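1. quick check, what structure comes out for this input:
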Amino acid sequence: MGDEPGGGADAVPPATEAAMVVVVDEERRATLLRNITVEGGFAYVSSAELAAGGDLRAAEAAREMAWEQLHSGPWHEVVPAWRDAYAMACLHVAELRAGAGDRREALRALDMGLMMGGPLLRCDLHAAVERIMARSGEGKAEGSDGGDSVERWKEEFSKNWDLTEVLRVLPSRSLSCKIVEKRSSLSLETFIRDYFLRDCPVIISGYIDHWPARTKWKDIEYLKRIAGDRTVPVEVGKNYLCSEWKQELITFSQFLERIWSTYSSANMTYLAQHPLFDQIQELRNDIMIPDYCFAGGGELQSLNAWFGPLGTVTPLHHDPHHNLFAQVVGRKYIRLYPASVSEDLYPHSESMLSNSSQVDLDNIDLKEFPKVEDLDFTDCILEEGDMLYIPPKWWHYVRSLSTSFSVSFWWSGTGPS
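-> Got it, this is the predicted structure:
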C-alpha cells in the first residue's frame, strides 16, 4: 500500500534529508483506513494512500476531508475514526513538509493533529514532534530577541503590587470579611475531612514549591526554546461572553510577544483552559499531579493551562468537577459564591452558557440583577505558589493581577456535590 510515489509538483522525494518524520504501524494504519471506508470515506482513503507515497497535495486533501467531518456537527457526535483520520493526515502533511525543509509548517500540522485528532496516533504525533525539535537543535525559536523582552519579562514578574493598587482594579466589595482560609502542609486526610467532604474552598500554600515550573516558567528563553514554534489556540477580547471575543491560532512565541503589546480589553490575548500539557510534553514534565486530586477515589478529567497578561478575566461561572487551581507564576484575584445561590446569580438560559452568569462583576447592573447586591461571597488573592481548591458547581470569577501562568486540575470523585 502506497509503494508508488504520487506525481506532480507536490510530490516530495522520500530520500530527502528529513523525509521520514514518523512511520505509522501498518496494522493500525490498515485498521483505520478500513474504519473510514465503513464510514463512507472512500475519497479520504484514496488520498491517504497517495499521501503515503509522497503526494503533498493528496495529504492536504485528506486533511481537509477529515477537517470537514470534525465540523459536520456537535463535537460529541463526531465519529471517533474521523478524529484518528485527521491525525493520520496531519502526520502525512508533517512528514512531507519536513522533508521539504518547512519545519514550521510541519510542527503546525502536528500540533493540529494533537489538538483535534483522536488517541490512536497520539504517540506517533509526539514522536514526530520530538524528532523535528531534535533536528532543530537548541537554537532560539523564531521571533526571539534574547534581549529587551527578557528584561521586561523579569521586571513584570518581579512586581509586588500593594493592596491599594490591587483594590483599584477589582470588583466592588472585594476582599470581604470572608477570605478563603489558607493552610500549609495540609495532609490528604485533613484535606478530605475538613474541605473535600464539607464542600469548602481552601488555599494550600507551599505544596508546589518543588515544581520545576516555579522557576523555569519565569525564563522567557526557556519557554521560547521549548514551545516557541508550537501552535496554540488563544482567546482575544475581554472574555468569552463579549460580542467582540474571538479565537485565533498563533505560535507560542507570537503569544509571548502579544503579552507585552496588550493594553486594552479589545485585544487582550489569553491562552485559557487549553490542554497545553497534553500537547507539549516538556512543559508537562515541569509540573506534577497533586495527591489531592485522588480524593474521593478521584480520576483526573482534564489538565489545563491559563496564561496571560495583567487584566485577563474569566467571568463568573461554575464547573462540574472538583478543581485545584495552581498559581505557578504571578497572582490572581478570585471571588467565590456557593452553589446554593445559583439562581440569584442569573445563569444564562442558553444550554451552552448555562454554567455562566449574566452578571458582569466589573460593572454590575443592579436594576437588571438586583439579587446580587446582598449576596455573601468569599474571595482571596491567590499568591504565587498557592493552590486553591474550588468544589464542584461553586461559582467563581478570576482576574489576573499581573502576568500570570496557572494550571487547573479537574477531577471526579465522590463528595458532597
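2. so what does the longest helix along the chain touch, helix or strand wise?
-> For the chain, the helix with the greatest residue count under DSSP state H is helix 80-99. Judged by 3 or more CB pairs under 8 Å, 6 or more residues apart in numbering; DSSP states H and E, helix 80-99 is in contact with helix 26-38, helix 42-52, helix 56-70, helix 103-116, helix 122-136. Yep, even glycine has a C-beta here, placed from its N, CA and C like the rest.
3. and that helix, what's its mean pLDDT?
-> Averaged over helix 80-99, pLDDT sits at 96.
4. ok now that helix, how far from the chain's centre?
-> With CA atoms, centre = their mean, to the nearest Å as the basis, helix 80-99 stands 21 Å off its chain's centre.
5. next: stretch 194-202.
-> With CA atoms, centre = their mean as the basis, stretch 194-202 stands 27 Å off its chain's centre.
6. how about it as PDB, C-alpha atoms only?
-> C-alpha atoms of stretch 194-202 as PDB (Å, rounded to 0.1, in the frame of the first residue of the first chain):
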ATOM      1  CA  ASP A 194     -12.100  19.400  56.500                       C
ATOM      2  CA  TYR A 195     -12.700  20.600  53.000                       C
ATOM      3  CA  PHE A 196     -13.400  18.000  50.300                       C
ATOM      4  CA  LEU A 197     -16.300  16.300  52.300                       C
ATOM      5  CA  ARG A 198     -17.500  19.700  53.600                       C
ATOM      6  CA  ASP A 199     -17.700  21.200  50.100                       C
ATOM      7  CA  CYS A 200     -15.400  24.100  51.300                       C
ATOM      8  CA  PRO A 201     -12.800  26.000  49.400                       C
ATOM      9  CA  VAL A 202      -9.200  26.300  50.800                       C
END
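7. ok, and what's touching it?
-> Applying CB atoms under 8 Å, 6 or more residues apart in numbering, the external contacts of stretch 194-202 come out as 180-183, 186, 191, 292, 295-296, 322, 336, 338, 378, 388-391, 394, 413, 415-417.
8. just the ones of the residues you listed in strands?
-> If you go by DSSP state E, the contacts of stretch 194-202 have 182-183, 322, 336, 378, 388-390 in strands.
9. low-confidence ranges in the stretch 251-400 of the chain?
-> Residue ranges of the stretch 251-400 of the chain with pLDDT under 70: 262-266.
10. need the strands for it, in chain order.
-> 269-274, 299-308, 313-317, 322-329, 332-337, 378-382, 386-390, 395-400 (DSSP state E, counting those that start in this stretch).
11. I'm done for today, thanks for sticking with me.
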